[in-house]
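In: Sharing a sequence plus its predicted fold:
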Amino acid sequence: MLLEEQEIALIKKLSVFERVIDDASRELKPNLLAIYARELADAFNQFYRYVPVLSAEPDSGCALWRCRLLTIVLANALDTLGITAPESM
């Protein structure tokens with residue numbers, strides 16, 4: 001399976017969530033988490049623009065799993081900041 005550049009960027013951004021939480025709490029800088037959430041949303045926007053999520057092959061489902069993972073991580077980041085994530089966009 002070939003991964004698009006935007007998909008790789010999204011995966012990398014998702015993978016640093018734990019480190020961002022740790023850094024923000026250790027340094028007492030919640031703005032680090034807010035910046036991360038915005039950057040994650042930007043990475044997802046690029047991913048969604050270039051990776052066919054809705055027209056992906058039913059067998060693969062990888063793009064849909066990345067969307068689900070993004071939903072979980074972004075909701076956790078917003079919840080940690082005390083912001084309620086919207087149910088849908």
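Out: Sure thing, it's come through. A quick note: this is a predicted structure, and the numbers were derived from the prediction, not measured.
In: where's F17 relative to A34, distance?
Out: As defined by Cβ to Cβ, to the nearest Å, F17 lies at a distance of 13 Å from A34. Yep, even glycine has a C-beta here, placed from its N, CA and C like the rest.
In: So those two - more neighbours on which side?
Out: Set side by side, F17 and A34 show unequal neighbour counts under other Cβ atoms under 10 Å, the larger going to F17 at 19 against 16.
In: elements contacting the helix ranked longest in the chain?
Out: Under DSSP state H, the helix in the chain containing the largest number of residues is helix 30-50. Judged by 3 or more Cβ pairs under 8 Å, 6 or more residues apart in numbering; DSSP states H and E, the packing partners of helix 30-50 are helix 5-15, helix 17-26, helix 62-80.
In: Same list (those) but as a markdown table, adding distance to F47 and mean pLDDT.
Out: Formatted as a markdown table, the entries for the helices and strands packed on helix 30-50 read as follows, by distance: least, Cβ to Cβ, whole Å; pLDDT from 0 to 100:
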| stretch | distance to F47 | mean pLDDT |
| --- | --- | --- |
| helix 5-15 | 4 | 92 |
| helix 17-26 | 16 | 97 |
| helix 62-80 | 7 | 89 |
